[in-house]
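# Give me a model of this one.
(2 chains)
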Amino acid sequence: MAAADLVTRLINGYQRDFPLTPRPFRDIGESLGLRENEVLSLVQDLRDQGALARVGAVVAPNTIGASTLAAMAVPAQRLDAVAAIVSGYGEVNHNYEREHDLNLWFVVAAASAEAVAAVLRDIEARTGLAVIDLPLIEAFHIDLGFPLPCP
Amino acid sequence: MPVSVTDRRLLTAIEDGLPLVPEPYAELGRRLGLSEAEVIARLQGLIAGGVIKRFGMVVRHRDLGYTANAMAVWDVPDDRVGAAGRRLAEFPFVTLCYRRRRQPPVWPYNLFCMIHGTDRRVVCDQIAQINSEPELAHCPHAVLFSRRAFKQRGARYSVREAKETA
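Okay, the predicted model is just below:
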């Protein structure tokens, strides 16, 4: 099987329902026609290349901690500097520039709502810019993965 | 479901992913002082309880060609937003859909969905398709494509010390 085809089958097949068995990589190998060590090195390579962030859990919001989506309207000439300040927080896991007057969007997650609020206040104090706090009220659909087109 | 201290330690231990070794659950167990069977059972319980929404390969979508990423938002009357959100969640190209608090006057929108696409035109067509839904008729809306990703990684709830809940 071609390498690209294997990667597609591995990623499409195991973004959900990764085996909860003592030897998960051996079990995946059985479905792909690979040995356990070949699956492990394929996964390690994808991680090293950056295409794979991790093999792990996507946790539902507001179950083991608190999080919010926040936005700021940052003057264009300050955007890189303000984005660097925001990204510097360990509590910030996503930070994007978007096409809007509110041009910087980021997600803050921490152990408690108080800790999240403290990060937002700190960013406001350090940048002198308002942070718009948009907490979640209800989730209708959450992160079910990204199908790869067949190569 | 309540998340016990042990479950929380387990989730913290896999924030950066499973160890890439032949027996990852046994390895986690050694680090946490649990048996392999208990690690597996706890993960199964967290998935069944809805704490873990998905367990497996977490990709960096931009590196896989998903670069036309739009956050589409609507201002939907409160009595219609639940029905609208459930309807939007049915579209196969919608990756995330949720209701958030409005912050008027700067942010009047309360319904959010993310579409991660590889082609901006296709994504615009998909948003037009959503907009033709009766639940969204006459609702003000906006589309915010992403320009740059400054940071993208999984959440780390362990940054500040977690409060013990159980």
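
# how about the helices of chain B, start to end?
B:5-13, B:24-32, B:36-48, B:78-88, B:120-131 (DSSP state H).

# will you turn these into CSV that also has mean neighbour count, distance to chain A and mean pLDDT?
(Glycine included, C-beta is placed from N, CA and C.) What follows is those, written out as CSV (neighbours: other CB atoms under 10 Å in any protein chain shown; distance: least, CB to the nearest CB, whole Å; pLDDT from 0 to 100):
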stretch, mean neighbour count, distance to chain A, mean pLDDT
helix B:5-13, 19, 6, 92
helix B:24-32, 19, 7, 97
helix B:36-48, 17, 5, 97
helix B:78-88, 17, 4, 94
helix B:120-131, 15, 11, 94
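
# Looking at these, which is nearest to residue B:72?
helix B:120-131 (5.1 Å; CB to CB).

# one step back: which among the helices of chain B is found nearest to residue A:35?
helix B:24-32 (16.7 Å).

# follow-up on the earlier one: adding distance to residue A:93 as columns, could you present the helices of chain B in a markdown table?
Listed next are the helices of chain B as a markdown table, based on distance: least, CB to CB, whole Å:
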| stretch | distance to residue A:93 |
| --- | --- |
| helix B:5-13 | 14 |
| helix B:24-32 | 22 |
| helix B:36-48 | 19 |
| helix B:78-88 | 23 |
| helix B:120-131 | 23 |
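
# which stretch among those helices comes nearest residue A:9?
Here helix B:24-32 is closest among the helices of chain B (CB to CB), at 20.3 Å.

# Excluding chain neighbours, what is closest to the closest residue to chain A within chain B?
Nearest to chain A in chain B, going by CB to the nearest CB, is residue B:17, at a distance of 2.9 Å. In space, residue B:17 comes closest to residue A:54 once its chain neighbours are excluded; the distance is 2.9 Å by CB to CB, 6 or more residues apart in numbering or on different chains.

# swap in residue B:152?
Using CB to CB, 6+ apart, the closest residue to residue B:152 is residue A:94 (5.4 Å).

# Is that neighbour in a helix, a strand, or coil?
Residue A:94 falls in the strand class when you classify it by DSSP: H, G, I helix; E, B strand; the rest coil.

# Which pLDDT value does the model give residue A:94?
pLDDT, residue A:94: 90.

# and if you look at residue A:148?
58.

# for the residue nearest to residue B:17, what are its contacts?
A:47, B:14, B:16, B:17, B:18, B:58, B:154 (CB atoms under 8 Å, 6 or more residues apart in numbering or on different chains).

# and what of residue A:135?
By CB under 8 Å, 6+ apart, the contact set of residue A:135 is A:68, A:69, B:100, B:101.

# what pairs with the first one across the strands?
Residue A:68 forms beta bridges with residue A:108, as assigned by DSSP bridges.

# Let me know how buried it is, in neighbour terms.
Residue A:68 has 24 neighbouring residues, counting by other CB atoms under 10 Å in any protein chain shown.

# lowest-pLDDT helix or strand in chain A?
The helix or strand of chain A with the lowest confidence, counting by mean pLDDT, DSSP states H and E, is helix A:3-14 at a mean of 86.
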